[in-house]
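**Q** Provided below for reference: sequence and predicted model.
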Amino acid sequence: MAIIVNLDVMMAKRKMSLNELSEKVDLTLSNLSILKTGKAKAIRFSTLEAICKVLDCQPGDILEYAPEKKTE
């Protein structure tokens, strides 16, 4: 996938555990884990907003676009 999720990087910068973020954002551990590992197919803006608020960051700090290389 061309979208890279850097949630783990921001959590490490803020010294915050997945459990702590889960409680503050009011999202289940399993849903946050899916997002953190890059397996999520979508994210609600309200969820992204809550994560950014708690981690004091911008959406671009969490989500990154990296075009896939075409193989011929």
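**A** Looks like it arrived, so ask away.
**Q** biggest helix in the chain by residues?
**A** Ranked by residue count under DSSP state H, the longest helix found in the chain is helix 45-55.
**Q** Check which helices and strands it is in contact with.
**A** helix 7-13, helix 18-25, helix 59-62 (3 or more C-beta pairs under 8 Å, 6 or more residues apart in numbering; DSSP states H and E). No exception for glycine: its C-beta is placed from N, CA and C like everyone else's.
**Q** Quick one: residues in contact with that helix.
**A** The contact list for helix 45-55 (C-beta atoms under 8 Å, 6 or more residues apart in numbering) reads 7, 10-11, 14, 16, 21, 24-27, 58-59, 61-63.
**Q** and which of the residues you listed is nearest Lys39?
**A** Leu7 (11.7 Å; C-beta to C-beta).
**Q** Skipping adjacent residues, who's closest to the closest one in space?
**A** Lys36 (4.6 Å; C-beta to C-beta, 6 or more residues apart in numbering).
**Q** contacting residues for that neighbour?
**A** Lys36 neighbours (C-beta under 8 Å, 6+ apart): Val5, Leu7, Asp8, Met11, Leu18.
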